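Student: Got a predicted structure plus its sequence, pasted below:
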Amino acid sequence: MSQVVYKQSPFLNNRSDNGYTQWNHLPTDKYMATGVDRNNKRFKIVSDSYDYIRGLNLWRGTKWLVRNGKRHRIQSVTN
């Protein structure tokens, strides 16, 4: 099985018409959530599971795909 190398964004399309971002999951992918909690304290959560990161209810922050040491923004929330 060959490794897929992305030179640009790993996303298959940059926001489809329905507003969703899509990408192919690789076994080495990590997911990260960063932001500020309601007490203005910064946080960073890293996980191998996108389901875990997707389930986080962000007040102010960003969800990231981390591939090859580089962050790619999945979602941003500002309140």
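Tutor: Looks like it arrived, so ask away. Numbering: from 1, shown residues only.

Student: pLDDT on the strand or helix carrying Ser76, on average?
Tutor: Using DSSP states H and E, Ser76 falls within strand 70-77. The predicted model gives strand 70-77 an average pLDDT of 90.

Student: I'd like to know which elements that strand is packed against.
Tutor: In terms of contacts (3 or more Cβ pairs under 8 Å, 6 or more residues apart in numbering; DSSP states H and E), strand 70-77 is packed against strand 30-36, strand 60-67. For the C-beta atoms, the positions are set from N, CA and C on the backbone; glycine is no exception.

Student: Dump those strands to a markdown table, plus distance to Arg42.
Tutor: Below are these laid out as a markdown table (distance: least, Cβ to Cβ, whole Å):
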| stretch | distance to Arg42 |
| --- | --- |
| strand 30-36 | 6 |
| strand 60-67 | 9 |
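
Student: Which of those strands sits closest to Ser49?
Tutor: For these, the distance to Ser49 is smallest for strand 30-36, at 7.0 Å, taking Cβ to Cβ.

Student: That closest one: what's the following helix or strand?
Tutor: Moving toward the C-terminus from strand 30-36, the next element (DSSP H and E) is strand 42-47.

Student: Could you list every helix and strand that that following strand packs against?
Tutor: strand 30-36.

Student: Pairing partners for the strand it packs on, with directions?
Tutor: Here strand 30-36 has these sheet partners by DSSP bridges: strand 42-47 (antiparallel), strand 60-67 (antiparallel).
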